[in-house]
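# Give the three-dimensional model of this entry:
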Amino acid sequence: MTQYTTIQMNITLLLLLGLLIGCGGSDGTLSGSVSLDGEAVPEGSIAFIPAAGTKGPSIGGGIRKGKYHIPAENGFAAGSYRVEIRWPREAGEVELYPGSMGQRFEEAIPAKYNTQSTLEVQIDSQGDTTDFELSTSGGK
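This is a model prediction of the structure:
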């Protein structure tokens, strides 16, 4: 190998390394926090449903201790998404059948954040971090 070829190879490797380092800003995940009336949602689920004009699947994941994390391999596309957030909270017991009791659950998150959600976020191709501060009264 000549000295000229070695220099060209070193420059090429340095440029490639620079590109790789420059592209490492985001890990391609969707993550953030979810609270209701200022308190972290202990357990629940979050779903991102593509809005009109966004091509790609609906994606979602669990909420644990007020945090959610959806890895890139779950497959999301850049675009606008409607967000649905749920928290099934224990609400006493219910008779499942004569002589057998079980836990009864109710939705703790108001319908304006799930079945009638108006929450919408814009996600880029590298992922996003979005926090949701929900309220049982007016507001977001």
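# give the contact list for the spatially most central residue of the chain.
When the chain is reduced to its mean C-alpha position, the nearest residue by CA atoms, centre = their mean turns out to be residue 30, at 4.1 Å. The contact partners of residue 30, taken as CB atoms under 8 Å, 6 or more residues apart in numbering, are 48, 59, 61, 68-70, 76, 123, 127-130. Placement of C-beta: from N, CA and C, glycine included.
# any idea which of the residues you listed is closest to residue 114?
Sorting those by how near they are to residue 114, with CB to CB, puts residue 48 at the top with 12.6 Å.
# residues touching that closest one, list them.
Taking CB under 8 Å, 6+ apart as the definition of contact, the neighbours of residue 48 are 30, 58-60, 70, 76, 81-83, 121, 123.
# Reformat those as TSV; add distance to residue 109 and pLDDT.
Compiled in TSV, the contacts of residue 48 are given as follows (distance: CB to CB, whole Å; pLDDT from 0 to 100):
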residue	distance to residue 109	pLDDT
30	18	91
58	18	91
59	19	91
60	14	93
70	18	93
76	22	79
81	17	94
82	15	96
83	11	97
121	16	94
123	21	90
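# Which ones among these lie within strands?
Residues of these located in strands (DSSP state E): 30, 59-60, 70, 81-83, 121, 123.
# So among the contacts of residue 48, which ones count as buried?
Neighbour-count burial within those applies to 30, 59-60, 70, 76, 81-83, 121, 123; the criterion is 16 or more other CB atoms under 10 Å.
# Closest one of those to residue 53?
residue 81 (11.0 Å).
# wait, that closest one sits on residue 120?
Yes. With contact defined as CB atoms under 8 Å, residue 81 and residue 120 form a contacting pair (6.8 Å).
# any shared contact partners between those two?
Contact with both residue 81 and residue 120 is made by residues residue 51, according to CB under 8 Å, 6+ apart.
# Okay, and the beta partners of residue 103?
Legend: beta-bridge partners of residue 103 under DSSP bridges are residue 93.
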